[in-house]
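Trainee: Structure, please.
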Amino acid sequence: MASLLSSNCVFPKPSLPITCWSSKAQRRWESIAMRVASEPVKRRLRVLAVVSRASRVIFRDLDADDFRHPLDKQNTLLLRTIPGLNELGKALLGPMTEQVMLLENIATSVLVSENQLPDLHKLMVEAAAVLNTEAPDLYVRQNPVPNAYTLAISGKKPFIVIHTSLVELLSKSELQAVLAHELGHLKCDHGVWLTFANIITLGAYSVPGLGRLLAQTLEEQFFRWLRAAELTCDRAALLVAQDPKVVISVLMKLAGGCPSLSDQLSVDAFLEQARSYDKAASSPIGWYIRNAQTRQLSHPLPVLRAREIDDWSRSQEYKFLLKRGVQLE
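Mentor: Got it, this is the predicted structure:
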């Protein structure tokens, strides 16, 4: 399971701009979207033409490694070197656990579709098309803690869950960035690893003898990997939003936002705050405190994520990816 918040986790409501497209432009969008989407999604993409932002591009041949963060690559390789990790995870994540997780979400959430919360459905399908991946199921769950998470169960269709408080907190473009972040976990095959991370670190404590030591070792390695994976998925959010301020605004609101304060928040001020954190953490004592702050977190600190995505938005790597995209005119 992956979420948006640093404790467990993922990510006022102006609408996406409405664009009146010519029939030629609309046919072009439908043709492109049909090629990048899987069969179950194709029927849904036609409705997106009127809500898509024409200035954005979609990626017909996007591969996960095109945007994967270097730390994600490094820590994924380290996880794969742990003997028996996959086997242990599969043993802990058995059929009963799978069924409990699946039924829990079906029973206590609302499944989004063309006929149920259609605006959210459009945001999800469009984000999946931009990232050249299949749209999973999406559930909305009543919860006062703003959060979103992904669950990928072996042999089952993955799904994303978003909390109602997150919907209230974010604009539509920000909410789509969150969905793109979660899609990034699936695009990069993080889903099963994330589920294993939760199950293994909990289950290992019950192993007699070395259980606790094993769990602590796995937990530290998985947390290191989870933090790196989050940086990758923030990049996926940027590839869909194609505006770094949208992604950074999500991080800022998760750090200290609420609907009543939305019109007073400043992305530029939050980035300056991030730079001041880097400066304060540059001393030997600051470096030690920073490591102590992050070592037991599943997600990087919001200011560090904001700085990372700002840096990547200025990189040649990101600009090259945008040039590869298909412009919606």
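Trainee: Surely Phe223 is in contact with Ser298?
Mentor: Yes. The pair Phe223 / Ser298 is scored as a contact, 5.6 Å apart, by Cβ atoms under 8 Å. From N, CA and C alone the C-beta is placed, and that goes for glycine too.
Trainee: When those two are compared, which one has more neighbours?
Mentor: Ser298 (24 against 19; other Cβ atoms under 10 Å).
Trainee: Ramachandran coordinates for the residue lying closest to Ile289 once chain neighbours are set aside?
Mentor: Excluding the flanking residues, the one nearest Ile289 by Cβ to Cβ, 6 or more residues apart in numbering is Ala281, at 7.0 Å. Main-chain torsions, Ala281, degrees, to the nearest 10: phi -90, psi 10.
Trainee: repeat for Thr81
Mentor: Main-chain torsions, Thr81, degrees, to the nearest 10: phi -90, psi -10.
Trainee: burial measure for it, as a count.
Mentor: By the criterion of other Cβ under 10 Å, Thr81 has 7 neighbours.
Trainee: quick thing: my sequence starts at 271, can you match it?
Mentor: Let's use 271 as the start, then, which means that last one is Thr351.
Trainee: Not counting its own residues, what contacts stretch 540-553?
Mentor: 518, 521-522, 525, 556-557, 559-560, 571, 573-574, 576-577, 580 (Cβ atoms under 8 Å, 6 or more residues apart in numbering).
Trainee: Take those residues and keep only those in helices.
Mentor: Judged by DSSP state H, the subset of the contacts of stretch 540-553 located in helices is 518, 521-522, 525, 556-557, 559-560, 573-574, 576-577, 580.
Trainee: In CSV, list these along with distance to Ala498, pLDDT and neighbour count.
Mentor: Output for those, formatted as CSV (distance: Cβ to Cβ, whole Å; pLDDT from 0 to 100; neighbours: other Cβ atoms under 10 Å):
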residue, distance to Ala498, pLDDT, neighbour count
Ile518, 19, 98, 30
Leu521, 16, 97, 28
Met522, 22, 97, 23
Ala525, 20, 94, 17
Gly556, 22, 78, 14
Trp557, 19, 76, 11
Ile559, 21, 78, 13
Arg560, 16, 73, 18
Val573, 17, 94, 21
Leu574, 12, 93, 20
Ala576, 16, 97, 27
Arg577, 15, 95, 21
Asp580, 18, 97, 19
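Trainee: would you turn those residues into a markdown table with distance to Gln512?
Mentor: Below are these laid out as a markdown table (distance: Cβ to Cβ, whole Å):
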| residue | distance to Gln512 |
| --- | --- |
| Ile518 | 13 |
| Leu521 | 17 |
| Met522 | 18 |
| Ala525 | 23 |
| Gly556 | 34 |
| Trp557 | 34 |
| Ile559 | 35 |
| Arg560 | 31 |
| Val573 | 22 |
| Leu574 | 22 |
| Ala576 | 17 |
| Arg577 | 19 |
| Asp580 | 14 |
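Trainee: ok, the residues you listed vs Arg326, which is closest?
Mentor: Nearest to Arg326 among those: Ile518, at 17.6 Å, using Cβ to Cβ.
Trainee: looking at it, that closest one is touching Asp580, isn't it?
Mentor: Yes. At 6.5 Å, Ile518 and Asp580 qualify as touching, with contact defined as Cβ under 8 Å.
Trainee: So what's the residue count around the closest residue to Thr378 other than its chain neighbours?
Mentor: Once flanking residues are discounted, Thr378 sits nearest to Arg411: 6.5 Å by Cβ to Cβ, 6+ apart. Using other Cβ under 10 Å, Arg411 has 18 neighbouring residues.
Trainee: again with Ser546
Mentor: The burial count for Ser546: 11, using other Cβ under 10 Å.
Trainee: quick one: it from Gln563, how far?
Mentor: Counting by Cβ to Cβ, to the nearest Å, the gap from Ser546 to Gln563 is 15 Å.
Trainee: Stretch 392-408 spans what distance, first to last residue?
Mentor: One end of stretch 392-408 to the other measures 11 Å (Cα to Cα, to the nearest Å).
Trainee: actually stretch 326-340, not the one I wrote
Mentor: Terminal residues of stretch 326-340 lie 26 Å apart, using Cα to Cα.
Trainee: What separation is there between Ala544 and Ile518?
Mentor: 9 Å.
Trainee: who touches both of those two?
Mentor: Ala576, Asp580.
Trainee: Quick check: the gap between Leu591 and Arg565.
Mentor: Remark: distance between Leu591 and Arg565 (Cβ to Cβ) = 32 Å.
Trainee: Which of these two has more residues huddled nearby?
Mentor: Between Leu591 and Arg565, counted using other Cβ under 10 Å, the more crowded position is Leu591 (18 against 11).
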